[in-house]
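everything below, folded, please.
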Amino acid sequence: MGDRLQVKNESGEFELQVLLLSEMRGPAAVAQTLYCETDSSRELRARVALERRTMPPVEDSRTGKPSKRDRREMQRFRGRF
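Residues are numbered from 1 along each chain as shown. From the prediction side, this is the model:
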């Protein structure tokens with residue numbers, strides 16, 4: 001108890017403080033009462049989320065599978081015949 005953990009997953013990084021320990025594995029609702037996220041971690045995640053929302057969207061120029069002509073041009077460009 002009292003330890004701080006750095007957790008990193010696809011949704012971001014978290015810093016958690018362990019409040020209690022459990023003898024056995026239980027449901028998620030019970031597990032959430034065993035730890036809390038630090039204020040600095042919460043602020044950092046909010047700032048990163050705001051930056052992500054304000055960034056311009058990245059457009060994908062690919063419209064699907066290249067045509068036979070496109071593949072031949074790519075092969076010529078790469079030096080393969």
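
okay, and residue 47 sits in which element?
Using DSSP states H and E, residue 47 sits within helix 39-54.

quick one: average confidence on the helix or strand just after that helix?
Following helix 39-54 in sequence order, the next helix or strand is helix 68-78 (DSSP H and E). Helix 68-78 shows a mean pLDDT of 90 in the predicted model.

so how far is stretch 61-73 from its chain's centroid?
From the chain centre to the centre of stretch 61-73 is a distance of 31 Å (C-alpha atoms, centre = their mean, to the nearest Å).

buried residues, the helix holding residue 47. List them.
41, 45 (16 or more other C-beta atoms under 10 Å). In this view, the C-beta of every residue, glycine as well, is placed from N, C-alpha and C.

and if you look at stretch 20-37?
For stretch 20-37, by 16+ other C-beta under 10 Å, it's residue 35.

quick one: it to chain centroid distance?
23 Å.

for it, report the contacting residues that lie outside it.
For stretch 20-37, the surrounding residues in contact (C-beta atoms under 8 Å, 6 or more residues apart in numbering) are 1, 5, 14-19.

could you redo the last one with a cut-off of 6 Å?
14, 16-19 (C-beta atoms under 6 Å, 6 or more residues apart in numbering).

pull out the buried members of those.
14, 16.

format the contacts of stretch 20-37 as CSV; extra columns: secondary structure and pLDDT.
Output for those, formatted as CSV (DSSP: H, G, I helix; E, B strand; the rest coil; pLDDT from 0 to 100):
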residue, secondary structure, pLDDT
14, strand, 88
16, strand, 93
17, strand, 95
18, strand, 94
19, coil, 94
